[in-house]
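K.L.:
Provided below for reference: sequence and predicted model.
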Amino acid sequence: MAATEATHPRTYGNFRKPRTSGLRGLSLGATLLLFAGLIAVVLATLISLWAALALAVVLVVVLAPLALRDRHGRTLMQRGAVRMAWRRTTASGGHLYRSGPMGRAGFGTCQLPGLAAESTLTEAQDGYGRPFAVITIPATGHHTVVISCDADGAALVDEQQVDIWVAHWGQWLSVLGAEPGLVAASVTVETAPDSGVRLQQEIAANAVDESPELARLMLREVLAAYPAGSAQIATRIALTYSGAAREGAPRRSAEDMALHIGTRLPGLTAGLSMTGAGTAVPMTATELAEAVRVAYDPTVAPLVEESRASGGSGLTWDQAGPMAAQEAWDHYRHDGVFSVTWAMTEAPQGEVFSNVLTGLVQPNRDIARKRVTLLYRPHSRAEGARVVQQDYKNALFNAQQSQIGQARDDAELTAARRTTEEQAQGHGVIRFGLLITATVNSVDALTAAAAAIDNLAPAARIAVRPVYGSQAAAFAAALPLGLVLPLHTALPQTVRDSM
């Protein structure tokens, strides 16, 4: 008599945002300012009580913007700094972009706007002889390769197979921490309406004159009805490497990095085969230029598909950008369409299932084109050990501040301890974020798109907010261009974390 072992759905979680090392949720800089202010107030009482009182009022006024936070964890000072930066941008005309023959781009080109304006695109071959494109960002010295995947999907797949895929995906991400020179990775899932061009080409290529009339009528009906309401889903993985100088060696050029990346690509694409990513192949220069061009101007998507069937579009990198773009405080207009980008401010809390993001990445009827991008920045082994250990110390300090322990502090301490144990057992530590870009055909449709995201985000157990004042940069970061936003800011990441 055979015994059947009962299986339970596997859950995932313990996504942690490192706790600050300040007092009662304050940042390190605010805590030091508080201590210095209190010492100054005590010394001022030796001179005059009124002087001490005035100094205390000044201290409260100064600390308020650093201590008061909204529901997304942003302080008043951070919000005010963004507002001031936006005013400087609009005053200087930096929110406007014009290219093409009548624009300001050189030689009448349509280069990418904003952070990717100076990017260049080259092509090389990997160890299997496959051509692949390399995007170079001179400002940061980064070089990015993009892998196109044909994801299998979880339809009609049992839970055991999904668990295997998730396990291999976690292992693949963990290996990125030991990948030489890799600084960031991203996964972009883009959904868009199906124009029906590929179906039309497939039918035309296989139709014969001797076919029955009934078959021809049926195919014509399929060609007319099938594209309505259907969607295309594209999955792309971008890997960003640093060409910074190494000890005893100068800064590496794009050619050197192409050789380095080419030797690594076969192993990386082979590792994706067990993650449910399907066939993973690097994108060529033309394919990448076409994908970026369609993102900025979705109306050319049918033309691009038709040109692929006739030998290729021949688009180059200086033709991939928009003809015109205008950034507003809460949306981005580019080549006649409108986009809004949201950023995740809180990862899924508690335990979640493997399909937690399914509804978010699936096509939505209220959004013409949707792009969901997961951004990863892996820690090295040594750096990961330092980060989790410091996070554990901060969680322990916060839990010991109150004589009566709070359940939330105890849970944070338990999660931090579990993270240190997992890291000590060889698991990788990786920072991650999420961007959601919704593109619609008119400004009136932005309201419906925002309502759709407001419904999808809670279902995915995440909190999101529009990227106010930086819609153009967020739109570019959601594309597979290899832009690492924290490295493009005026203040270093460590300074911002301390404020």
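P.N.:
Alright, I've got the coordinates.
K.L.:
Nearest residue to Asp297 in space, please, no chain neighbours.
P.N.:
The spatial neighbour of Asp297 that comes closest, neighbours along the chain excluded (C-beta to C-beta, 6 or more residues apart in numbering), is Asp335 at 3.9 Å. Heads up, the C-betas are built off the backbone N, CA and C, glycines and all.
K.L.:
wait, Val183
P.N.:
Spatially, and ignoring its direct neighbours in sequence, Val183 is nearest to Ser242 (4.8 Å; C-beta to C-beta, 6+ apart).
K.L.:
In contact with the one you found, which residues?
P.N.:
Listed by C-beta atoms under 8 Å, 6 or more residues apart in numbering, the contact partners of Ser242 are Thr140, Gly141, His142, His143, Gly181, Leu182, Val183.
K.L.:
Could you export the stretch of helix or strand Arg83 belongs to as CSV, CA atoms only?
P.N.:
Assigned by DSSP states H and E, Arg83 belongs to helix 76-92. Taking Å, rounded to 0.1, in the frame of the first residue of the first chain, the C-alpha atoms of helix 76-92 are listed here in CSV:
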residue,chain,number,x,y,z
LEU,A,76,10.2,66.5,5.2
MET,A,77,13.7,67.4,4.3
GLN,A,78,13.9,64.8,1.6
ARG,A,79,10.6,66.0,0.1
GLY,A,80,11.6,69.6,0.3
ALA,A,81,15.0,68.9,-1.4
VAL,A,82,13.1,67.1,-4.3
ARG,A,83,10.8,70.1,-4.6
MET,A,84,13.7,72.6,-4.8
ALA,A,85,15.6,70.4,-7.3
TRP,A,86,12.4,70.3,-9.5
ARG,A,87,12.1,74.1,-9.4
ARG,A,88,15.7,74.5,-10.5
THR,A,89,15.1,71.9,-13.3
THR,A,90,12.1,73.7,-14.7
ALA,A,91,13.7,77.1,-14.4
SER,A,92,16.7,76.0,-16.5
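K.L.:
I'd like the next helix or strand past it.
P.N.:
Downstream of helix 76-92, the next assigned helix or strand under DSSP H and E is strand 96-98.
K.L.:
which outside residues touch that next one?
P.N.:
Gly103, Arg104, Ala105, Pro113, Gly114, Pro322, Met323, Ala324, Ala325, Gln326, Glu327, Ala472.
K.L.:
Contact partners for the closest residue in space to Ala301 that isn't next to it in sequence?
P.N.:
In this structure, Ala301 finds its nearest non-sequential neighbour in Val294, 4.9 Å apart by C-beta to C-beta, 6+ apart. Going by C-beta under 8 Å, 6+ apart, Val294 touches Ala192, Val300, Ala301, Val304.
K.L.:
circling back to that earlier point, out of the contacts of Ser242, which are buried?
P.N.:
Among the contacts of Ser242, those buried by neighbour count (16 or more other C-beta atoms under 10 Å) are Thr140, Gly141, His142, His143, Gly181, Leu182, Val183.
K.L.:
Using TSV, please lay out the contacts of Val294 together with neighbour count, distance to Asn455 and secondary structure.
P.N.:
Shown next, in TSV, are the contacts of Val294 (neighbours: other C-beta atoms under 10 Å; distance: C-beta to C-beta, whole Å; DSSP: H, G, I helix; E, B strand; the rest coil):
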residue	neighbour count	distance to Asn455	secondary structure
Ala192	20	20	strand
Val300	16	30	helix
Ala301	20	26	helix
Val304	20	31	helix
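K.L.:
nearest to Pro486, of these?
P.N.:
Of all the contacts of Val294, Ala192 has the smallest distance to Pro486: 29.0 Å, by C-beta to C-beta.
K.L.:
Run through the residues that contact the closest one.
P.N.:
Per C-beta under 8 Å, 6+ apart, neighbours of Ala192: Ala231, Gln232, Ala234, Val294, Pro298, Ala301, Ala368, Arg369, Lys370.
K.L.:
In PyMOL, select just the buried ones from the residues you listed.
P.N.:
Selecting only the buried entries of the contacts of Ala192 in PyMOL, with 16+ other C-beta under 10 Å as the criterion:
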select buried, resi 231+234+294+298+301+368+369+370
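K.L.:
What is the nearest of the contacts of Ala192 to Arg79?
P.N.:
Closest approach to Arg79 among the contacts of Ala192 (C-beta to C-beta): Lys370, at 27.0 Å.
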